[in-house]
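Asker: Below: sequence and its predicted model.
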Amino acid sequence: MEQTLLIRFGEISLKGKNRREFERKLLKNLKNVLGGIASNRVETAYGRMYVPIKDDVDTVIQRVRKVFGIVSVSVAAVTLQDLAQIKQAALEQLEGYADGGTFKVETKRPDKRFPMQSPEISKEVGAHLLDNTTGWSVDVHQPDVTVMVEVRREGVYVYTGKIPCNGGLPVGSTGRGVLLLSGGIDSPVAGWLGMKRGLEIVGLHFHSFPFTSERSKEKVIDLARIISAYGGRVKLHINHFTDIQKAIRQNCPEEFYVTIMRRMMFRIADRIAKEEGALALVTGENLGQVASQTLESMGVINEVTKIPVLRPLVTFDKQEIMDYARQIDTYETSILPYEDCCTLFMPKHPATRPKLGPVQKAESVLDIEALIQGSLEKSEVVIVKPD
Ligand SMILES: Nc1ncnc2c1ncn2[C@@H]1O[C@H](COP(=O)(O)OP(=O)(O)OP(=O)(O)O)[C@@H](O)[C@H]1O
């Protein structure tokens, strides 16, 4: 019997134009994540989406269930609006369970053209199941298995069980943000949380070759690939940050290395945001976690840009962030021991509560514009897609 992956989506509050936009983005993202599976297409009908299943059901489920905007999925048998076919489909569903137990049949009939009413359909199908199986009995209150029958205009769907998904909004439906993506644990999680609320992420990584290795760059590309599975694809800018770090080290007081370095990062992120039409920056910063993440530091660093800076992790405990990282599969990659440009340039005694005036004075010896231009000219862009 023909099978399809039935996709439920949508935040309840979405209506009219917003809903259409939501669906358009979701469809695009689904097509992107299923791109590698040639046999699959995505169909839409009456507020649902379907992916007809050939022989790769597990791969399709694994890919689809990650995509933001989807609430749950079910593997359903598809039949015509014909009671005999519905009964047969329900029987096959129940036979999929090795042992017997209790069941109930629940019917929804959005398509009122079908001549029987929902309770009548459930009763007929239930009787058919009892007559043709052994070891099964009916329990309408707490059944082991609920056989769902949905009579819809586009077909009848018969299934047992829902696989919960990530919910959220489809990536791209709330705009674009530049994610400052280090190789650490936090920023991929911050990016994922931004994507969950519909942000299309443009990644920006600051790379200091040869101080940081090619492998540290590969690690960041891998992280971008992992999070791209939640929404389609991620464009990643790899900024050549070496000369900027050298200039800071040669010309600025050690206590301000980190503050000035971060101000340079934000200036570059601001440029890339404008170039990419992004309306926010996203970082993995977390209040009080390290010296550069005090409120004073954040204020001085933030001063170089007018673009809103989203810090989805600002109030999280480290343990909560690590739990998320494990859940979204970035943890194992994040802990690979390839050095990051920030750790390499970490002074012994960084200023934890910097003041704007002294920092501006300290960085005034730099030719900021030339350094930014130089780093942008040597940068590269990689388009990262899910595996
Ligand atoms: N090399 C880098 N490239 C891009 N962004 C960076 C880089 N280093 C730091 N950032 C940004 O600054 C934030 C704070 O970095 P920091 O190293 O202080 O903290 P962290 O808690 O170790 O963060 P992470 O775990 O994300 O590396 C990061 O979450 C990230 O958004």
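Answerer: It's in.
Asker: Backbone dihedrals for the residue of the stretch 201-350 of the chain found nearest the ligand, both of them.
Answerer: Taking Cβ to the nearest ligand atom, the ligand has its nearest neighbour within the stretch 201-350 of the chain at G284, 2.5 Å off. Heads up, the C-betas are built off the backbone N, CA and C, glycines and all. When read as degrees, to the nearest 10, the backbone of G284 gives phi -100, psi 20.
Asker: Tell me how far it lies from G47.
Answerer: According to Cβ to Cβ, to the nearest Å, G284 stands 36 Å off from G47.
Asker: ok, these two, which is more surrounded?
Answerer: Neighbour comparison, G284 and G47: the larger count goes to G284, with 25 against 12 (by other Cβ atoms under 10 Å).
Asker: Quick check: that one touching L310?
Answerer: No: under the criterion of Cβ atoms under 8 Å, G284 is not in contact with L310, lying 10.6 Å apart.
Asker: Mutual contacts of those two, please.
Answerer: Here G284 and L310 have A190 as joint contacts, going by Cβ atoms under 8 Å, 6 or more residues apart in numbering.
Asker: secondary structure class for the residue lying farthest from the centre of the chain?
Answerer: Relative to the C-alpha centroid of the chain, counting by Cα atoms, centre = their mean, D131 is the outermost residue, at 45.7 Å. Judged by DSSP: H, G, I helix; E, B strand; the rest coil, the three-state class of D131 is helix.
Asker: Could you do the one 10 residues further on as well?
Answerer: Using three-state DSSP as the criterion, the local structure at H141 reads coil.
Asker: Around it, how many other residues sit close by?
Answerer: With other Cβ under 10 Å as criterion, H141 counts 6.
Asker: so what pLDDT did V57 get?
Answerer: We have a pLDDT of 87 for V57.
Asker: Please apply the same query to the one 4 residues further on.
Answerer: Turning to I61, the model gives it a pLDDT of 92.
Asker: What segments of the chain are helices?
Answerer: 16-33, 57-66, 83-95, 118-132, 186-196, 214-228, 242-251, 257-276, 295-302, 318-327, 331-334, 341-344, 356-363, 368-377 (DSSP state H).
Asker: Give me the mean pLDDT for the third one.
Answerer: Averaged across helix 83-95, pLDDT comes to 96.
Asker: Can you give the contact residues for it?
Answerer: So helix 83-95 is contacted by 1, 77, 79, 103, 105, 116, 121, 124-125, 128-129, 132-133, 136, 145, 147, 149, 156, 158-160 (Cβ under 8 Å, 6+ apart).
Asker: Buried by neighbour count: which residues of it qualify?
Answerer: L83, Q85, I86, K87, Q88, A89, A90, L91, Q93, L94 (16 or more other Cβ atoms under 10 Å).
Asker: Please identify which two of those residues are farthest apart in space.
Answerer: L83 and L94 (16.6 Å; Cβ to Cβ).
Asker: Quick one: end-to-end distance for stretch 59-74.
Answerer: With Cα to Cα, to the nearest Å as the measure, stretch 59-74 spans 14 Å from end to end.
Asker: Just give me the neighbour total for R19.
Answerer: 15.
Asker: Please apply the same query to E106.
Answerer: Neighbours of E106 (other Cβ under 10 Å): 17.
Asker: Equivalent analysis for L181, please.
Answerer: When neighbours are counted by other Cβ under 10 Å, L181 registers 28.
Asker: With the one 10 residues further on instead?
Answerer: Here the neighbour count serves as a burial measure; for G191 (other Cβ under 10 Å) it reads 30.
Asker: Correct me if wrong: it contacts I227.
Answerer: Yes: applying Cβ under 8 Å as the test, G191 and I227 come out as touching, 5.4 Å apart.
Asker: what sits in contact with each of the two?
Answerer: Both G191 and I227 are contacted by I201, under the criterion Cβ under 8 Å, 6+ apart.
Asker: ok now do the nearest residue to V140 once chain neighbours are set aside, which residues does it touch?
Answerer: Using Cβ to Cβ, 6 or more residues apart in numbering and skipping the chain neighbours, the partner closest in space to V140 is K104 (4.8 Å). Contacts of K104 were listed using Cβ under 8 Å, 6+ apart, and they are S122, G126, V138, D139, V140, P143, T146, V147.
Asker: Please identify the deepest-packed of the helices of the chain.
Answerer: helix 186-196 (a mean of 26; mean count of other Cβ atoms under 10 Å).
Asker: which other helices and strands contact that one?
Answerer: Packing contacts for helix 186-196, counted by 3 or more Cβ pairs under 8 Å, 6 or more residues apart in numbering; DSSP states H and E, involve strand 175-180, strand 199-207, helix 214-228, strand 280-282, helix 318-327.
Asker: do you know which of these lies nearest G167?
Answerer: Shortest distance between G167 and the helices and strands packed on helix 186-196, using Cβ to Cβ, is found for helix 318-327: 13.5 Å.
Asker: quick one: average pLDDT of that closest one?
Answerer: Mean predicted lDDT for helix 318-327 stands at 97.
Asker: contacts for it?
Answerer: With Cβ under 8 Å, 6+ apart as the criterion, helix 318-327 contacts I185, D186, P188, V189, W192, L193, N286, Q289, L313, Y331, S334.
Asker: Looking at those residues, which is nearest Q245?
Answerer: Closest to Q245, out of all of the contacts of helix 318-327 and judged by Cβ to Cβ, is D186, at 20.6 Å.
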